[in-house]
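Enquirer: Can you look at this prediction? I've put the sequence above it.
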Amino acid sequence: MPLGARAQDSSDFNTEKFSFFLNNKIMDDGSIQELGLGMGYTGDFSGELRVRRTKTEKNEEFGNAEDSLNAANSEIYEVFFYPLKYSLVNTPSARIWAGIGAYYYDETLKEKGFFNMAWLETLTPPMERVNSYKNNFSMRVLGPILNAGVILRDSNWFSVSLSVGVVPVFATWARQKVSIVPLMDPNRVDHSQNNSGSPYLYCDLSAMVSLPRLSELFSKGATPSDWKIGFSFLFDYTRLQFDVIDFRHDGSGFNWYIPEKKAVTRSFKLEGTLLIPIEGMHLEIGLGRMFDSVKIDSGASIRNDRNYFSISGKLIRF
């Protein structure tokens, strides 16, 4: 399920404008690309489309195994479509808007590896200690999305924005194929499921400060330049339930079983950026850190904290 849905500064999608942005976040284990388009219909009505691709590739070990290796490749596509956004307040110093639309999520995960467990040889009858492992998982999510936000500006020096989105309920379709050879008999299992979840929530709090012009930095009448620095805090939360393919020993051998699990995912992001004007566009360079966690049922949260480098291009035309 989605983690880290960045709500772009809504001043980029103001009314009576066409806007475009392309963002790339580079991490140790992959990257996140975001593409956004905005269009103003009338003075108070506008629309927005955002598409995000998350690609990760990593090698990891299985827990409780003397020797193991698992190569995991994941690809996620997300679509945030707001065909209608309405400005409740739209002045030079403040804007308040609300929007409605649809959210779509498409995930594909492929894992392949092996594990070596010496204690398998002590069972009766003894089992092979070295086994190969494959896992192919795919999931689709669809639901309505509501979005609202506010932007406050202090002349040309400072602006702050808050954007909140929620998918109150969503449907999920998933399929999983797992094989463990030669431990399991049958070696492979294939399971499809239809489920639902609620909610998916994201929040983005951002601030942008203009830097003074260097030529007037030490004068009393300093004016803002087109160079800006920004700070963002982003939060995502998802709660859903799903079936998981697992296996257990019943005293005579190993058997597949498919329990239902409840998962809660949370993601925090802290990011600082520098906005540089270039030939009518803006280049934004930043550094950030993600704090992701997944909690299955009542178990301990699984943490995955990492840094990232961000580079973006933005274009706004009247």
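Expert: All right, it came through fine. Residues are numbered from 1 along each chain as shown.
Enquirer: use CA for all of it now, contacts and neighbours both
Expert: OK.
Enquirer: Strands of the stretch 51-200 of the chain, residue ranges please.
Expert: Under the criterion DSSP state E, counting those that start in this stretch, strands of the stretch 51-200 of the chain are mapped to 67-90, 94-116, 130-154, 158-167, 170-181, 188-212.
Enquirer: Can you tell me which of those is most buried?
Expert: Mean neighbour count, computed with mean count of other Cα atoms under 10 Å, is highest for strand 158-167 among those, reaching a mean of 21.
Enquirer: which residues touch that strand?
Expert: 7, 9-10, 103, 143-153, 198-210 (Cα atoms under 8 Å, 6 or more residues apart in numbering).
Enquirer: for stretch 42-53, same thing?
Expert: Stretch 42-53 is contacted from outside by 13-16, 32-41, 75-88, 90, using Cα under 8 Å, 6+ apart.
Enquirer: Tell me which of the strands of the stretch 51-200 of the chain lies nearest to residue 300.
Expert: With Cα to Cα, the closest approach to residue 300 among the strands of the stretch 51-200 of the chain belongs to strand 188-212: 20.9 Å.
Enquirer: Specify the beta-bridge partners of residue 98.
Expert: residue 86, residue 148 (DSSP bridges).
Enquirer: OK, contacts around it?
Expert: Counting by Cα under 8 Å, 6+ apart, residue 98 touches 85-88, 146-149.
Enquirer: nearest to residue 230, of those?
Expert: For residue 230, the nearest member of the contacts of residue 98 is residue 149. The distance, counting by Cα to Cα, is 17.8 Å.
Enquirer: contacting residues around the closest one?
Expert: Residues counted as contacts of residue 149 (Cα under 8 Å, 6+ apart) are 10, 96-98, 161-164.
Enquirer: out of those residues, what pair is the most spread apart?
Expert: For these, with distances taken as Cα to Cα, the pair at the greatest spread is 98 and 161 (13.5 Å).
Enquirer: Surely residue 231 is within a strand?
Expert: Yes - judged by DSSP: H, G, I helix; E, B strand; the rest coil, residue 231 forms part of a strand.
Enquirer: For it, which residues count as its bridge partners?
Expert: Counting by DSSP bridges, residue 231 is bridged to residue 207, residue 272.
Enquirer: doesn't residue 271 make contact with it?
Expert: Yes - the pair residue 231 / residue 271 is scored as a contact, 5.8 Å apart, by Cα atoms under 8 Å.
Enquirer: Pick out the lowest-pLDDT one from the contacts of residue 149.
Expert: Lowest pLDDT of these: residue 10, 40.
Enquirer: how close does residue 204 sit to residue 271?
Expert: Distance, residue 204 to residue 271, by Cα to Cα, to the nearest Å: 11 Å.
Enquirer: again, but for residue 230
Expert: 8 Å.
Enquirer: Could you do residue 131 as well?
Expert: Taking Cα to Cα, one finds residue 131 at 42 Å from residue 271.
Enquirer: Same list (the strands of the stretch 51-200 of the chain) but as JSON lines, adding distance to residue 313.
Expert: What follows is the strands of the stretch 51-200 of the chain, written out as JSON lines (distance: least, Cα to Cα, whole Å):
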{"stretch": "strand 67-90", "distance to residue 313": "19"}
{"stretch": "strand 94-116", "distance to residue 313": "23"}
{"stretch": "strand 130-154", "distance to residue 313": "21"}
{"stretch": "strand 158-167", "distance to residue 313": "19"}
{"stretch": "strand 170-181", "distance to residue 313": "32"}
{"stretch": "strand 188-212", "distance to residue 313": "16"}
